[in-house]
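Trainee: A predicted structure for the sequence below; I have some questions about it.
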Amino acid sequence: MKTRTIGTRQVSAIGLGAMPMSVAGHMPDEKQSIRTIHAALDAGITLIDTADAYTPSAEDVGHNERLVAKALASWGGDTSGVLIATKGGHTRVAGGGWDVDGRAEYIKRACERSLKALGVEAIDLYQHHRPDPKVAYEESIGALADLLAAGKIRAAGISNADPEQIRLAHSILGEGLVSVQNEYSPRFRTSEPEVDVCAELGLAFLPWSPLGGIGRADDLGGKAAPFAEIARERGVSPQQVCLAWELARSPVMIPIPGASRPESIRDSAAAAELELTAEELARLG
C-alpha cells in the first residue's frame, strides 16, 4: 500500500478509524470487531485511530483502546510498524452523552489510563481530542508538551482545531506536533483552511468521518451523484472514489474511515491505489 508521513513515521495512506466498533447503537460483537482490525492489518493498513471516549457508556472508558490492543496481540503478523493513535480530553457522561475536559491534570490522567488500556509504555500518537471552552488552549497543549518530555507519548496531535489553534499548538510543541484530526468529507468541506495550514506546517491531516459519518457512507451512492457516476465508470465503490478524492486533495491527507466489518475496511484500503484523473477530480469539485 502507498504510504504517507506522520512526523518521522511512514504509515499507510489510508488508516482505520475504530470508533464504530465501540459506540452504543452501532457496535458489532467483539469477534467481528477483531476480524475487522485483522482485515485492516492484512490489507496493509498501519495506522489505527482510537480514543478513550470511544465506549458504549461512561462506565466503560477505554473500551475501544482495549479492543485494539486485543486485536493487535492476536494478529499473526508483525505489528512493529503499526502506529496507534489515541485521544484524550473528550469525555463520556451518564446517559450516553459527551463532554470535554481540557485541564492539564485531566489530560495527563487520561493518558496514563490510555497507556494501561493499550498495554504500552509510550503512546505512538496522543491527540488532544477537543478544545474545552472553560480551559485556556495553552494549558491543554502544555499538557501534551509535558507528556512528550516525560516520554509518555512519542508524538502529539490535536483534533477539532481551527487554524489559529493549530498555529498556537505548533508554537508550543514545535516538532512534537505531527498531526491534526478534523472532520472532512464531500458533505463537510469547511476544514479546507485547516488542511492548508497543515500543508504549510508539514503536519499530517487526518480527516475523521471521511465518508460522511456513521451510517452516511451510502449517501455517496445517492446524494453525491458524481462520486457514484465515477465509481460506476471505474468499477469500484463510491467510497473508494471519495477516499481517492481526499488523497488527491493534499499530500498531507491521510483519511481514517470508520469500519465495523472486514469487507468495509478492505474496500477502503483499496482506495490508496486508485488514481483519479484531472477530469474526474474537476467533476468531483
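Mentor: Yep, it's here. Numbering: from 1, shown residues only.

Trainee: elements contacting the helix or strand containing W98?
Mentor: Assigned by DSSP states H and E, W98 belongs to strand 97-100. Using 3 or more CB pairs under 8 Å, 6 or more residues apart in numbering; DSSP states H and E, the elements in contact with strand 97-100 are strand 90-93. Quick note: C-beta positions are derived from backbone N, CA and C, even for glycine.

Trainee: and the strand it packs on, which strands flank it?
Mentor: Neighbouring strands of strand 90-93 in its sheet, by DSSP bridges, are strand 97-100 (antiparallel).

Trainee: and the helix or strand that the strand it pairs with is followed by, how far from the chain's centre?
Mentor: Using DSSP H and E, the next helix or strand after strand 97-100 towards the C-terminus is helix 104-118. Offset of helix 104-118 from its chain centre (CA atoms, centre = their mean, to the nearest Å): 18 Å.

Trainee: Could I get the buried residue list for helix 104-118?
Mentor: By neighbour count with 16 or more other CB atoms under 10 Å, helix 104-118 contains the buried residues A104, Y106, I107, K108, A110, C111, S114, L115, A117, L118.

Trainee: tell me which of these is nearest to T86?
Mentor: Within the buried residues of helix 104-118, the smallest distance to T86 is 5.1 Å, found for S114 (CB to CB).

Trainee: ok, that closest one - contacts?
Mentor: Counting by CB atoms under 8 Å, 6 or more residues apart in numbering, S114 makes contact with D52, G62, E65, T86, G88, I123, Y126.

Trainee: so which helix or strand takes in P28?
Mentor: With DSSP H and E as the test, P28 turns up in no helix or strand.

Trainee: ok, now which ones touch it?
Mentor: M21, T36, S260, R261 are the contacts of P28 under CB under 8 Å, 6+ apart.

Trainee: Next, the third one: secondary structure please.
Mentor: Just to be clear, that refers to S260. Applying DSSP: H, G, I helix; E, B strand; the rest coil to S260 yields a three-state assignment of coil.
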